[in-house]
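Novice: predicted structure and sequence below. I'll ask about it afterward.
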Amino acid sequence: MSRHLLTTPAAAAAGVALIVLGAPGVRPPGGPYLPPVLPLRVAAGYDPPEQPWQPGHRGVDLGAAEGAAVRAAAAGTVSFAGVVVDREVVAIDHGGVRTTYEPVAPTVVAGQVVAVGDPIGTIAAGAHCSQRCLHWGALLAGQYIDPMALLTPYRPILKSPR
């Protein structure tokens, strides 16, 4: 792939899609990834803008009740746990991928190492959804990506009736 192909957000997203959604067995850095809240209910999907300065939805909103546990989607190091503008936010560096979670009342601190599935906080007040939700974002090489693409797809195994 030419270096010039990754100079625009659309091209970068395509390159990221090739990395994240590429060949079977290829995993994004820091995985495996699991949903940060269960049950997994997508209230609003990923809708990136055409240009980085334009409005868009740079993550997914996952339905969750206030006070529900939020868990680390993958192993990593907490890079931020605190307030951004008017919302509590947790960010985790997974060694190439950074995931963000908001609004989350953190139970972790910056610098803390977490394993996949470790509790990192609870859903706090202040969500931008009409119902309570977790806004889950992901960045790969500084570019927003669809965090749902990080999840290991469920593939049922069909056995012969023999």
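Specialist: Nice, thanks for sending it over.

Novice: where does this structure dip in pLDDT?
Specialist: Where the chain drops to pLDDT under 70, the residues are 1-30, 127, 130, 152-162.

Novice: and with 90 instead?
Specialist: Counting by pLDDT under 90, the chain contains low-confidence residues at 1-32, 44-58, 65-66, 85-87, 125-132, 141-143, 152-162.

Novice: now the helices for it?
Specialist: Chain-ordered helices for the chain, with DSSP state H as the definition, fall at 9-20.

Novice: what number of residues lie near residue 86?
Specialist: Neighbours of residue 86 under the rule other CB atoms under 10 Å: 7. From N, CA and C alone the C-beta is placed, and that goes for glycine too.

Novice: pretty sure residue 129 contacts residue 61?
Specialist: Yes - judged on CB atoms under 8 Å, residue 129 makes contact with residue 61 at a distance of 5.2 Å.

Novice: what about the nearest residue to residue 36 once chain neighbours are set aside, distance to residue 96?
Specialist: Nearest non-adjacent residue to residue 36, counting by CB to CB, 6 or more residues apart in numbering: residue 73, 4.8 Å away. If you measure residue 73 against residue 96 using CB to CB, to the nearest Å, the figure is 14 Å.

Novice: again with residue 149
Specialist: Going from residue 149 to residue 96 by CB to CB gives 14 Å.

Novice: which one of those two has more residues nearby?
Specialist: Taking other CB under 10 Å, residue 149 and residue 96 do not tie; residue 149 has more neighbours (17 against 14).

Novice: ok, the more buried one to residue 64 distance?
Specialist: For residue 149 relative to residue 64 (CB to CB), the value is 20 Å.

Novice: on that earlier part again, between residue 129 and residue 61, tell me which one has more neighbours.
Specialist: Comparing residue 129 with residue 61 by other CB under 10 Å, the one with more neighbours is residue 61, at 22 against 15.

Novice: what bridges to the more buried one?
Specialist: On DSSP bridges, the residues paired with residue 61 through beta bridges are residue 44, residue 135.

Novice: looks like it contacts residue 131 (just checking).
Specialist: No - in this structure, residue 61 sits apart from residue 131 without contact. The criterion is CB under 8 Å, and the distance is 9.0 Å.

Novice: now do the shared contacts for these two.
Specialist: Taking CB atoms under 8 Å, 6 or more residues apart in numbering as the contact criterion, the residues that touch both residue 61 and residue 131 are residue 43.
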